[in-house]
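Trainee: sequence first, then the predicted structure, then my questions.
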Amino acid sequence: MEAVIAVFALLFLLFIGLGVYATVKAVGAAKRGVDRTITQARRTVEDHTLRAKSFVQVGPAAEIARLRLALRTSMRATQDTLRAGVAEDESLKESLGLFERLSAHGHELDADLGRLESEPDRAELTARLPELRARTERITKSADSLRWAVRDRARRFVDDDLGALGDQIDIEADALRHWTPAGPAPAPGQRPDASARPTASSMASSAAENPAAWHAPSQSSRPADERPPEAITPPSPRPAYPWQKKTRPESTA
């Protein structure tokens, strides 16, 4: 009895542990989903704000907003392309590692541009714009180059696969069209060749070579005075039964 109670207690504790573990995992997944949604919403708001500043403001402030918007757009597109490609091509892990190093420089530049948005010294800001523009162009050029290389690689794989599939289909189509003709068909309106018809001499020679081919004598080989057997025996008078009606004589009128 004590063993049964111990087993039930152990099962109860096991169920409680599984429930707690499932709850923790569900809460963690929900928290990650909420954080991801909040981060994406914050990025969307920041992008719209930068786009509005690039159109509304003038001077160095508008230039900084355009640089930040171009940097974010390029880095985000490259990141999405690499993460989607790694799931199908394991060789892109090295490219993803290079992008992570480039992303560190991109975050640093974005932080510098964000701090300069509230810089009151316009002269200092104007003096630093060429260097910031050059850094932005270098990072975005590297990100764009990596992104387009990944896309070209994926497209090349698709083209190679499509080309190999086309070759296999051509080979299969040729095999389906291949057959051995029995002989040349006669042209429309042309009679078959007379040489192809069996002649009497050929039939005679065939019969001499193969006597078993003759199953029954032909009518021409029978004697003239011999009559062919009748196919049907002449009918005999049919018996009359009491229940049958008598035939009426035909009227002469």
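Mentor: Now that the structure is in, tell me what you want to look at.
Trainee: show me where pLDDT drops low in this structure?
Mentor: 1, 31-36, 39-40, 43, 47, 56, 180-253 (pLDDT under 70).
Trainee: now the helices for it?
Mentor: 2-56, 60-86, 93-116, 122-177, 200-209 (DSSP state H).
Trainee: return the most buried member of those.
Mentor: Counting by mean count of other Cβ atoms under 10 Å, helix 60-86 has the highest mean neighbour count of those, with a mean of 19. To be clear about C-beta, it is placed using only N, CA and C from the backbone, and glycine gets the same treatment.
Trainee: between that one and helix 2-56, how many degrees?
Mentor: 140 degrees (axes from the mean of the first three to the mean of the last three Cα atoms, to 10 degrees).
Trainee: what helices or strands is helix 60-86 leaning on?
Mentor: Judged by 3 or more Cβ pairs under 8 Å, 6 or more residues apart in numbering; DSSP states H and E, helix 60-86 is in contact with helix 2-56, helix 93-116, helix 122-177.
Trainee: quick one: contacts of stretch 88-101?
Mentor: Here stretch 88-101 makes contact (Cβ atoms under 8 Å, 6 or more residues apart in numbering) with 78-79, 82-83, 85-86, 143, 146, 149-150, 153-154, 157.
Trainee: recalculate using a threshold of 6 Å.
Mentor: 82, 85, 86 (Cβ atoms under 6 Å, 6 or more residues apart in numbering).
Trainee: Serialize the helices and strands packed on helix 60-86 to a markdown table and add fields for distance to residue 64.
Mentor: Shown next, in a markdown table, are the helices and strands packed on helix 60-86 (distance: least, Cβ to Cβ, whole Å):
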| stretch | distance to residue 64 |
| --- | --- |
| helix 2-56 | 8 |
| helix 93-116 | 5 |
| helix 122-177 | 7 |
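Trainee: all good on my end, thank you.
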